[in-house]
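Novice: Following is a predicted model, sequence given first.
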Amino acid sequence: MNDFDGLLQQANLIGSAWTGADSGETIAVTNPATGAVIGQVPNCGATEANRAIAAATAAFGDWSTSNLSFRVGLLHKLHDALMDNQETLAQMLTAEQGKPLVEARGEIAIGAAYVRWFAEEVRRAKGEIVPSPTADRRLMVTRHPVGVVGAITPWNFPSSMLARKLAAALAAGCTIVAKPATATPYSGLVWGKLCQDVGFPDGVVNIVTGFAREIGGAIMASPDVRKVTFTGSTDVGKVLIRQSADTVKKVSMELGGNAPFIVFDDADIDAAIEGAMIAKYRNMGQTCVCTNRFYVQSGIHDAFVARLKQATEALVVGDGTEDGVAQGPMIDMAGVEKVEEMIADATSKGGKIVSGGKRHEKGGTFFEPTVITGATADMQFATEEIFGPLSAVFKFETEEEAIDAANATEFGLAAYAYTKSLGRTFRLNEGLQYGLIGINSGLITTVEAPFGGLKESGMGKEGGSQGLEDYLSVKYMCVAGLDA
Ligand SMILES: NC(=O)c1ccc[n+]([C@@H]2O[C@H](COP(=O)([O-])OP(=O)(O)OC[C@H]3O[C@@H](n4cnc5c(N)ncnc54)[C@H](O)[C@@H]3O)[C@@H](O)[C@H]2O)c1
Ligand SMILES: O=C[C@H](O)CS(=O)(=O)O
């Protein structure tokens with residue numbers, strides 16, 4: 001078995017100890033490209049989760065009052081440990097998740113960048129002195145770590161989704177209990193090892209794998225957990241928001257998407273195709289900000305479709321570790337079947353397959369990157385997240401029609417548009433109901449900017465200065481009697 005230079009952790013980190021499940025039960029982790037078993041992880045439940053919460057609670061007092069320079073120094077060491085091991089971590093990520101190595105390297109790098117960002121950002125978590133209405137008192141506002149944080153993360157970005165939670169939480173002085181996705185636990189568990197190696201105190205970082213409902217239930221029920229940060233589907237997010245009410249937890253929710261990608265007649269078509277390929281096919285279409293609907297204005301439609309077909313057919317499908325591969329396997333057969341269901345629905349309603357359309361000859365969960373034209377609003381992918389390598393192309397006539405169609409969804413995470421018009425750019429920013437808007441770019445995520453959705457795509461922000469605020473509580477103190 002490949003131990004990835006000793007970085008593969010097949011146990012859970014609770015306090016200072018790497019342990020198995022009390023039951024001894026384990027879950028096999030498989031490589032989606034080959035079906036091979038990579039290793040096992042503990043199948044833990046509520047009991048182990050509560051021990052992790054107790055360890056995080058015990059560590060919170062010292063960690064939250066530690067010298068800021070100490071915390072910042074450890075975060076910079078963590079950044080360096082991530083980048084020193086970038087290749088091995090990327091190999092581990094591709095082995096369990098399937099994405100091409102070049103994308104996995106990028107995910108490790110942005111995760112390290114989030115660590116460095118919050119190491120810097122926390123040094124500017126300033127308070128305020130508020131002008132007092134009367135001379136006898138002084139008013140001050142201060143910011144403090146919110147407490148023990150529960151973090152639950154998805155399989156599609158198993159490293160960077162944890163990075164932007166853990167880094168902000170630790171920088172703020174919080175301690176954390178994290179539960180990675182069952183399909184991709186190793187890219188989360190290794191954060192515990194690296195944190196331990198660089199010197200984070202015991203109990204500050206705890207990582208537990210296993211029964212999602214049980215572990216999640218323990219996190220949500222514990223009065224010691226004061227904040228929950230979740231990245232995943234909107235359906236699960238709604239469950240957690242309801243559960244958070246019992247203990248009035250602070251929540252951040254990074255949920256599902258249904259991104260429109262609008263191409264106007266005046267677009268630079270070369271730029272639009274480049275952006276379309278990134279926004280659609282990154283991680284085999286399995287990102288929350290992937291294009292779900294292409295809206296192409298009638299004047300440029302045929303030329304854009306021809307170029308999209310050509311670029312899609314040029315994508316190399318294969319094992320993500322092989323040079324030149326742009327599309328790895330999908331994470332599981334359920335994802336493949338969802339894409340097949342959407343293709344059948346669209347073609348039954350008049351959609352036309354112009355590229356791909358079926359499982360790849362490589363078998364398993366490999367799928368042909370697919371383009372369907374003639375898309376209409378009654379088709380399943382108009383309202384449901386595809387989460388796969390399927391491009392659905394709608395035609396439109398006017399700007400107003402495009403904005404209305406783009407907004408006709410309960411989601412509001414990412415939207416993209418290609419135009420040379422400055423006026424239209426500002427009308428789109430004001431008219432599109434999305435938390436992230438890319439104008440003439442298909443890849444806009446960056447640590448400096450707040451990432452997060454509107455409507456049923458979630459609440460809270462990750463990254464940017466706003467991303468730290470989610471882990472801080474604001475206090476107001478009035479000091480009176482000063483006129484004595
Ligand atoms: N907005 C974002 O930043 C963002 C980023 C990545 C993925 N996503 C979304 O995540 C979804 C795909 O990821 P996924 O399949 O892992 O999502 P998912 O909701 O099925 O699972 C996400 C995490 O929640 C856990 N979980 C599942 N049910 C739970 C429960 N009842 N209680 C506690 N935890 C539970 C899972 O084990 C996993 O760790 C897509 O909808 C995608 O759009 C959003
Ligand atoms: O899948 C969702 C991720 O947040 C995508 S990104 O890598 O952060 O853009």
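Specialist: Everything's here; your move. Numbering: from 1, shown residues only. Ligands and ions are numbered 1, 2, ... in the order given.
Novice: What parts of the stretch 201-350 of the chain come near ligand 1?
Specialist: By C-beta under 6 Å from any ligand atom, the residues of the stretch 201-350 of the chain that approach ligand 1 are 212-213, 216, 231-233, 236, 239, 254-257, 288. To be clear about C-beta, it is placed using only N, CA and C from the backbone, and glycine gets the same treatment.
Novice: now, the most widely separated pair of these?
Specialist: Arg213 and Gly257 (23.9 Å; C-beta to C-beta).
Novice: Neighbour count: those two, which is higher?
Specialist: Gly257 (28 against 11; other C-beta atoms under 10 Å).
Novice: thinking that one is in contact with Leu413, fair?
Specialist: Yes. Using C-beta atoms under 8 Å, Gly257 is in contact with Leu413, at 3.6 Å.
Novice: which residues do the two both contact?
Specialist: Common contacts of Gly257 and Leu413 (C-beta atoms under 8 Å, 6 or more residues apart in numbering): 288-289, 453, 457.
Novice: Using neighbour counts, trim the residues you listed to the buried set.
Specialist: Among the shared contacts of Gly257 and Leu413, those classed as buried by 16 or more other C-beta atoms under 10 Å are 288-289, 453, 457.
Novice: Next, the residue at minimal distance from the centre of the chain: secondary structure please.
Specialist: Central residue of the chain (C-alpha atoms, centre = their mean): Met161, 4.3 Å from the mean position. Applying DSSP: H, G, I helix; E, B strand; the rest coil to Met161 yields a three-state assignment of helix.
Novice: Throw the buried ones among the shared contacts of Gly257 and Leu413 into TSV and include secondary structure, pLDDT and distance to Met92, thanks.
Specialist: Shown next, in TSV, are those (DSSP: H, G, I helix; E, B strand; the rest coil; pLDDT from 0 to 100; distance: C-beta to C-beta, whole Å):
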residue	secondary structure	pLDDT	distance to Met92
Cys288	coil	98	22
Val289	coil	98	24
Gly453	coil	98	29
Ser457	helix	98	29
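Novice: Those: which ones sit near ligand 2?
Specialist: Within these, those near ligand 2 by C-beta under 6 Å from any ligand atom are 288-289.
Novice: which of the buried ones among the shared contacts of Gly257 and Leu413 lies closest to ligand 2?
Specialist: Cys288 (3.5 Å; C-beta to the nearest ligand atom).
Novice: do you know how far the residue nearest to the closest one when sequence neighbours are not counted is from Ile444?
Specialist: Excluding the flanking residues, the one nearest Cys288 by C-beta to C-beta, 6 or more residues apart in numbering is Gly257, at 4.5 Å. As judged by C-beta to C-beta, to the nearest Å, Gly257 and Ile444 stand 13 Å apart.
Novice: Give the intersection of the neighbour lists for these two.
Specialist: Jointly contacting Gly257 and Ile444 under the rule C-beta under 8 Å, 6+ apart are 289, 414.
Novice: Ala151 is in contact with Gly232, correct?
Specialist: No. Using C-beta under 8 Å, Gly232 makes no contact with Ala151, being 11.1 Å away.
Novice: re the thing from before, can you pull the pLDDT of the residue nearest to the centre of the chain?
Specialist: Taken from the predicted model, the pLDDT recorded for Met161 is 98.
Novice: I figured it hits Thr231, correct?
Specialist: Yes. Using C-beta under 8 Å, Met161 is in contact with Thr231, at 4.7 Å.
Novice: got the contact list for Glu121?
Specialist: By C-beta under 8 Å, 6+ apart, the neighbours of Glu121 are 171, 465, 467-468.
Novice: Around ligand 1, pick out the residues from the stretch 351-484 of the chain.
Specialist: 385, 387, 413, 453, 458.
Novice: Would you mind measuring from Glu448 to Gly199?
Specialist: 27 Å.
Novice: On the pLDDT front, check Ala484 for me.
Specialist: 75.
Novice: ranges for the strands of the stretch 201-350 of the chain?
Specialist: Secondary structure of the stretch 201-350 of the chain (DSSP state E, counting those that start in this stretch): strands located at 205-207, 225-231, 250-254, 259-263, 291-297.
Novice: The last one pairs with which strands?
Specialist: This points to strand 291-297. strand 259-263 (parallel), strand 390-396 (parallel) (DSSP bridges).
Novice: mind putting these in a markdown table, mean pLDDT, mean neighbour count and distance to Asp80 included?
Specialist: Output for these, formatted as a markdown table (pLDDT from 0 to 100; neighbours: other C-beta atoms under 10 Å; distance: least, C-beta to C-beta, whole Å):
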| stretch | mean pLDDT | mean neighbour count | distance to Asp80 |
| --- | --- | --- | --- |
| strand 259-263 | 99 | 28 | 34 |
| strand 390-396 | 98 | 25 | 40 |
